[in-house]
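Participant: Starting from these lines, generate the structure:
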Amino acid sequence: MSVSLFDSFLTTPEMIAVFDDTSIVQAMLDFEAALAHAEAAEGVIPEAAAHVIASVCKVQLYDIAAMIQAGRRAGTLAIPLVKELTGAVALHSQESAIHVHWGSTSQDVLDTAMVLTTRTALKLLDDGLRELTTQLLALAAQHLSTPVLARTLMQPAQVISFGFKLTGWAAPLLRTRRQLRAQAEQALQLQLGGAVGTLAVLGDKGPAVAQRMADALGLEVADAAWHTQRDTWVRLGLEVAVLTGSLGKLATDLSLMAQGELAELAEPSGNGRGASSAMPHKRNPVSSMIALAAAARAPQQAATLLATMGQQHERGLGNWQAELATWPSLFLGAHGALKALNEAFSGLFVDASRMRRNIDALQGLVFAEAVSVYLAGVIGRPHAHALLEKLTQQTITTQAQLLDVLTTAVKDDAQLSRQVDVQYLRTLFDPVQAAGVARVVAERQLHDLQIAAAHFD
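Facilitator: Next up is the predicted model:
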């Protein structure tokens, strides 16, 4: 496939190679070779013909550009490929040439070729997911107790641990890794149905030929041809879109935490990485940028797959072709995002002291809920709520610290002085202690995620 300059920028050479023209055409030829050998083994075509056919199923023997041009006129790349393959076989044996592509149809060739290339693409995604989740879980173990601000509706909320945030990033990636494997087991199936899905030309030999082909190609045998029944196949594509969305969520948080105003995280720099052409001081989060770009495109790609499912009768007109053209784009984006984030986390700078300063800069207001809960148990909820509301407003107005304002209010009120334990009150303003609940949750989740990750390998 031809990839534009801007697509190349957002993906990886490895994934481009999976879906490039040479790779897809070779996969189509692999289908033809397997078909010939399977039919020969079942006595459908002569053994000699199968050997000749397989001997010329080498992509370097063909002019792919000319084939693509001819495919535009024919309506499918498979027709010129079969024509060129037949011609190549005929140079060796006219008799063998009549057995090329016997009993199959164009969609059989292209669908199976896409299944074969997708299998390789899924291995790249799985490898990338393993690397990224390993990095996230290792960082989570290091930062189980590191206090950081939780933010809701883009505003400071409470104190959690950075480990809690990291396990939250890792969990959906492990779930998607599991789902991709499960969906692949169902979707990576041989397509072999012949003209209308019945394999009529092969008669009672059809199932045996299909089984031999599937074994040779390392695929499953479908219950029936899935020429226009695309549910299982589309579910696999949609899971790749979900992966891209999860990577986009991670990249959103990373890029926000890397903003200069927060500066809690920073992507690796050096050798021109993240540099600005005009502002030398900048350290742009380019890995996040690539993942966010992929996440922005995935919904439209997923929507296209869903929109193409209403395929007409036993062979689709236009919708199947749109699916074929869209399918690689999902994988290109997902792998680009995975590689970019792996690069980011391999050299991620975590500024725990800045995380602490960002907490301290909020005048203790992020501890107000914990204080309110404590006071409610001491002086009653209505009184506690009214008092905290008054004191937080005073804190904001005077630019003081909530702890100081609260301590003064307690000392100035004889009844409060008898009821409130000021020493205990001070512990509620300790960021490490405040992050303790999140640490407990993160520890439990980290343990489960580590077990889940180990089961993959």
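Participant: any chance you could map the strands in this protein?
Facilitator: 147-152, 155-161, 189-190, 220-221, 265-266, 349-350 (DSSP state E).
Participant: Among those strands, which comes closest to residue 196?
Facilitator: With Cβ to Cβ as the measure, strand 189-190 is the member of the strands of the chain nearest residue 196 (17.1 Å). C-beta here means a position set from N, CA and C on the backbone, and glycine is covered the same way.
Participant: related to what we said a few turns ago, next, format the strands of the chain as JSON lines and append mean pLDDT.
Facilitator: Output for these, formatted as JSON lines (pLDDT from 0 to 100):
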{"stretch": "strand 147-152", "mean pLDDT": "98"}
{"stretch": "strand 155-161", "mean pLDDT": "97"}
{"stretch": "strand 189-190", "mean pLDDT": "98"}
{"stretch": "strand 220-221", "mean pLDDT": "97"}
{"stretch": "strand 265-266", "mean pLDDT": "96"}
{"stretch": "strand 349-350", "mean pLDDT": "96"}
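Participant: Pick the most buried one from these.
Facilitator: strand 189-190 (a mean of 24; mean count of other Cβ atoms under 10 Å).
Participant: Please name every helix or strand in contact with that strand.
Facilitator: helix 106-142, helix 206-217, strand 220-221 (3 or more Cβ pairs under 8 Å, 6 or more residues apart in numbering; DSSP states H and E).
Participant: Most tightly packed of those?
Facilitator: Of all the helices and strands packed on strand 189-190, as judged by average neighbours under mean count of other Cβ under 10 Å, the leader is helix 106-142 with a mean of 21.
Participant: what's the spacing between that helix and its chain's center?
Facilitator: Relative to its parent chain, helix 106-142 has a centroid offset of 9 Å by Cα atoms, centre = their mean, to the nearest Å.
Participant: Same check on stretch 228-236?
Facilitator: 18 Å.
Participant: For it, which outside residues touch it?
Facilitator: Stretch 228-236 is contacted from outside by 118, 180, 183-184, 186-187, 189, 226, 305-306, 308-309, 311-316, 320, 323, using Cβ atoms under 8 Å, 6 or more residues apart in numbering.
Participant: and if you look at stretch 77-87?
Facilitator: 25, 28-29, 32, 53, 56-57, 62-63, 66-68, 70-71, 74, 97, 100-101, 106-107, 109-110.
Participant: Would you convert the strands of the chain into a markdown table that also reports distance to residue 19?
Facilitator: A markdown table is the format used below for these (distance: least, Cβ to Cβ, whole Å):
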| stretch | distance to residue 19 |
| --- | --- |
| strand 147-152 | 39 |
| strand 155-161 | 41 |
| strand 189-190 | 19 |
| strand 220-221 | 21 |
| strand 265-266 | 33 |
| strand 349-350 | 35 |
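Participant: So for residue 292, which of those strands sits nearest?
Facilitator: strand 265-266 (15.2 Å).
Participant: Can you tell me which helices and strands that closest one packs against?
Facilitator: Looks like strand 265-266 contacts strand 349-350 (3+ Cβ pairs under 8 Å, 6+ apart).
Participant: For the strand it packs on, what is the distance to the chain centroid?
Facilitator: 23 Å.
Participant: what's the answer for stretch 425-436, then?
Facilitator: For stretch 425-436 - counting by Cα atoms, centre = their mean - the centre lies 37 Å from the chain centre.
Participant: Residues contacting it, please?
Facilitator: So stretch 425-436 is in contact with 145-148, 158-161, 164, 356, 359-360, 364, 366-367, 370-371, 374, 402-403, 406-407, 410, going by Cβ under 8 Å, 6+ apart.
Participant: Emit the PyMOL select command for whichever of the residues you listed are buried.
Facilitator: In PyMOL syntax, the buried subset of these is picked out as below (16 or more other Cβ atoms under 10 Å):
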select buried, resi 145+146+147+148+158+159+160+161+164+356+359+364+366+367+370+371+374+402+403+406+410
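Participant: Number of residues surrounding residue 393?
Facilitator: 11 (other Cβ atoms under 10 Å).
Participant: what sits against it?
Facilitator: With Cβ under 8 Å, 6+ apart, residue 393 has no contacts at all.
Participant: all numbers from here: first residue = 9
Facilitator: In the new count, where the first residue is 9, that last one comes out as residue 401.
Participant: what pLDDT does it get?
Facilitator: With respect to pLDDT, residue 401 has a value of 95.
Participant: Can you tell me what sits against stretch 171-187?
Facilitator: Contacts of stretch 171-187 (Cβ under 8 Å, 6+ apart): 134, 137-138, 140-141, 144-145, 147-154, 156, 158, 247, 250-251, 254-255, 257-258, 261, 443, 446-447, 449-451, 453-454, 457, 460-461, 464.
Participant: about what we covered before: just the ones in helices from the contacts of stretch 433-444, please.
Facilitator: Mapping the contacts of stretch 433-444 onto helices (DSSP state H) picks out 172, 364, 367-368, 378-379, 382, 410-411, 414-415, 418.
Participant: now these in JSON lines, with pLDDT and distance to residue 51?
Facilitator: Converted to JSON lines, those look like this (pLDDT from 0 to 100; distance: Cβ to Cβ, whole Å):
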{"residue": "172", "pLDDT": "98", "distance to residue 51": "64"}
{"residue": "364", "pLDDT": "98", "distance to residue 51": "77"}
{"residue": "367", "pLDDT": "98", "distance to residue 51": "77"}
{"residue": "368", "pLDDT": "96", "distance to residue 51": "81"}
{"residue": "378", "pLDDT": "93", "distance to residue 51": "79"}
{"residue": "379", "pLDDT": "94", "distance to residue 51": "84"}
{"residue": "382", "pLDDT": "93", "distance to residue 51": "84"}
{"residue": "410", "pLDDT": "96", "distance to residue 51": "86"}
{"residue": "411", "pLDDT": "96", "distance to residue 51": "88"}
{"residue": "414", "pLDDT": "95", "distance to residue 51": "90"}
{"residue": "415", "pLDDT": "94", "distance to residue 51": "93"}
{"residue": "418", "pLDDT": "92", "distance to residue 51": "95"}
